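Visitor: Here's a sequence, model it:
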Amino acid sequence: MVDQSDRRRDASAEVAVPEFRQRVFTGDPSSVPAAGRPTIPLPGRPVSLADAPAAPTVRGRRPPPDVGRVVLIYEQVRRPWRLLGFTAVLVSLTVGVILGQTEAYQQPSPRAAATAQPVPSDAIPAPVPLTAPLGAVKQRRLEITGAATSLRIRTAALGESLFTVAALDPNVAPQLTESADGSLLALAPGAVVTAGAEVVLNSTVAWTLKVTDGVRELDVDARAGGLAGFALAGDVPRGALTLSKPKGTVPLTVTGTLGELIVRTQAGAPIRIRLDKGAGSATINGAARRDVKAGVTLRETGWATATGRYDARVTTEVKSVLVEH
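Guide: Here you go, the predicted structure:
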């Protein structure tokens, strides 16, 4: 036999309450919170309620007298959308303020700082290159004085200019003095030493050059022609001469202390070198000699009969000599 309470449970209406929270109260209906919600009588577990009112009849039958009343109250769950939205806005504003303060107080990068620095109004301008008109000059003597780190001399086609002199040190301007013997170029007037200069000579003029003071690195490039003679009186740790095929015999003289001498000539322009004090080593066209004695003369084949040649003489001891074409 089926229990009557089971039948009543099966006959009870099912209530679907999504998004609601269920609260169950047993006992006196007067103890139910004043939510004003309708109640649905459902069978529940037995409770001892002496004054409980009679339950309504289900399918013509009355429930047992010891059955209490179960009151279901459905409360809608309140989703805090407004609170979440307000919190998100507040967090966004806070992050924006923090990032703005960080950007405002961020130290500028070295590159940006260097770009933003104004140029001092008292900056020393670069010296204006020295120049002179060619005129009717066919030959010229030029003496260069002043200790320098680097001295570059070359010949080139300058058109109507006799020469140009550009200082390598922006704080020291070279000075040029003219005399009956030729031009005197002072690289460092009033200074002990300077960075040096680049001297460009017109190749249509026959130039006789003399360097009287010490130069750490000397580079003479006369491949364009125009070199009629060269003398080195200052101390030079390293000197390089790049020469063209000359007309006649061009003298090259070294009287200062010389460390390394490199001479490069064009094919068909032989050279003779007289070493008055000898050399640590000498190489001519690949033929090397060590511990060259004083008074030795080294000459290339064909020098005696060549119409265009170089005649070099070194009066001081030199560490090394290199001749190549």
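Visitor: wait, doesn't residue 203 sit right on residue 155?
Guide: Yes - if you go by Cβ atoms under 8 Å, residue 203 and residue 155 touch, sitting 4.1 Å apart. C-beta: built from backbone N, CA, C; applies to glycine.
Visitor: Going along the chain, name the helices of this structure.
Guide: Per DSSP state H, the chain carries helices over the ranges 4-11, 81-104, 110-116.
Visitor: between residue 203 and residue 155, who's got more neighbours?
Guide: Between residue 203 and residue 155, counted using other Cβ atoms under 10 Å, residue 155 has the larger neighbour count: 23 against 19.
Visitor: Please report how far that one lies from residue 246.
Guide: 12 Å (Cβ to Cβ, to the nearest Å).
Visitor: same question, residue 313
Guide: Where residue 246 is concerned, residue 313 sits at a distance of 16 Å (Cβ to Cβ).
Visitor: Which of the two has more residues huddled nearby?
Guide: Neighbour tally, residue 313 and residue 246, criterion other Cβ under 10 Å: the higher count belongs to residue 246, 22 against 16.
Visitor: need the contact list for the more buried one.
Guide: Shown in contact with residue 246 (Cβ atoms under 8 Å, 6 or more residues apart in numbering): 225, 227, 269, 308, 309, 310.
Visitor: hmm, back to that, what do residue 203 and residue 155 both touch?
Guide: Common neighbours of residue 203 and residue 155 (Cβ under 8 Å, 6+ apart) are 224, 225, 226.
Visitor: Redo those as JSON lines? Include pLDDT and distance to residue 233.
Guide: Formatted as JSON lines, the shared contacts of residue 203 and residue 155 follow (pLDDT from 0 to 100; distance: Cβ to Cβ, whole Å):
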{"residue": "224", "pLDDT": "96", "distance to residue 233": "25"}
{"residue": "225", "pLDDT": "95", "distance to residue 233": "24"}
{"residue": "226", "pLDDT": "96", "distance to residue 233": "21"}
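Visitor: now, which of the residues you listed sits nearest residue 242?
Guide: residue 224 (10.2 Å; Cβ to Cβ).
Visitor: how about low-confidence regions in the stretch 101-250 of the chain?
Guide: Applying pLDDT under 70 to the stretch 101-250 of the chain flags the ranges 101-127.
Visitor: got the residue ranges for the strands in it?
Guide: When secondary structure is read from DSSP state E, counting those that start in this stretch, the stretch 101-250 of the chain shows strands at 130-133, 139-145, 148-156, 161-167, 175-179, 182-186, 194-202, 206-211, 215-222, 227-232, 236-243, 248-254.
Visitor: one step back: which one of the shared contacts of residue 203 and residue 155 is nearest residue 186?
Guide: Relative to residue 186, and with distances defined as Cβ to Cβ, the nearest of the shared contacts of residue 203 and residue 155 is residue 226, at 22.4 Å.
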